[in-house]
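# Sequence and predicted model, in that order:
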Amino acid sequence: MKTLFAAIAILSAGASTALAGPAGDMAKAHIEAIAKGDSAAVTAAYAPSATLHWVGGPLDGTYTGPEIAATWAKFAKAQTGLKATVVEMRESMNPKGATVVADVVFANDNKIPVRYVMLFRDGKLTDEIWQIDPTLAK
């Protein structure tokens, strides 16, 4: 009986990972827009008061307002032909908002491994942490 419950728990965990909620869908669309270099689509996801924390790499810093669009434009210009591979994604939701944590590897000739944390409120990205994480590229 314990084995049956363990199997159900494992299958349920796998099913919840495959069925992304609204924030997971928004996060996936955001990640794909970044990989495509579509700065307009990337910046359209943000709330007016959003903050982007970029940790590591040449764009390291904290950005708000128009700085966010400028940062993604620099990234898109420097990194073309990217493919995004989501290694893992977790979504947490309650009535006040949703958080998505994703391990993503963006790759062209180089690999850009990222631990990505996104906070959504009212369907908009309000806070974001893009952390270069070299352990993901292995």
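Sure, I can see it. These numbers come from a predicted model, not from an experiment.
# Around the residue nearest to A33 when sequence neighbours are not counted, how many other residues sit close by?
Excluding the flanking residues, the one nearest A33 by Cβ to Cβ, 6 or more residues apart in numbering is A41, at 3.8 Å. Any C-beta I mention is one placed from the backbone N, CA and C, and that applies to glycine too. Residues within reach of A41, counting by other Cβ atoms under 10 Å, total 15.
# Point out where this structure drops to low pLDDT.
Scanning the chain for pLDDT under 70 picks out the ranges 1-20, 138.
# most centrally placed residue in the protein?
Most central in the chain under Cα atoms, centre = their mean is Y116, positioned 4.5 Å from the mean C-alpha point.
# Can you tell me who that one pairs with across the strands?
For Y116, the beta-bridge partners under DSSP bridges are A102, W130.
# if I pick it, what's in contact with it?
A27, I31, V100, V101, A102, D103, V104, E128, I129, W130, Q131 (Cβ atoms under 8 Å, 6 or more residues apart in numbering).
# From V86, how far out is the fifth one?
What it means is A102. Distance, A102 to V86, using Cβ to Cβ, to the nearest Å: 6 Å.
# coming back round to it: most neighbours, which of the contacts of Y116?
Across the contacts of Y116, neighbour numbers were computed from other Cβ under 10 Å; A27 holds the maximum, 28 neighbours.
# what residues does stretch 121-131 touch?
Counting by Cβ under 8 Å, 6+ apart, 22, 26, 30, 45-47, 49-56, 96-97, 114-120 sit against stretch 121-131.
# And stretch 46-62, by the same measure?
By Cβ under 8 Å, 6+ apart, stretch 46-62 touches 63-65, 67-68, 71, 74-75, 78, 112, 121-122, 124-133.
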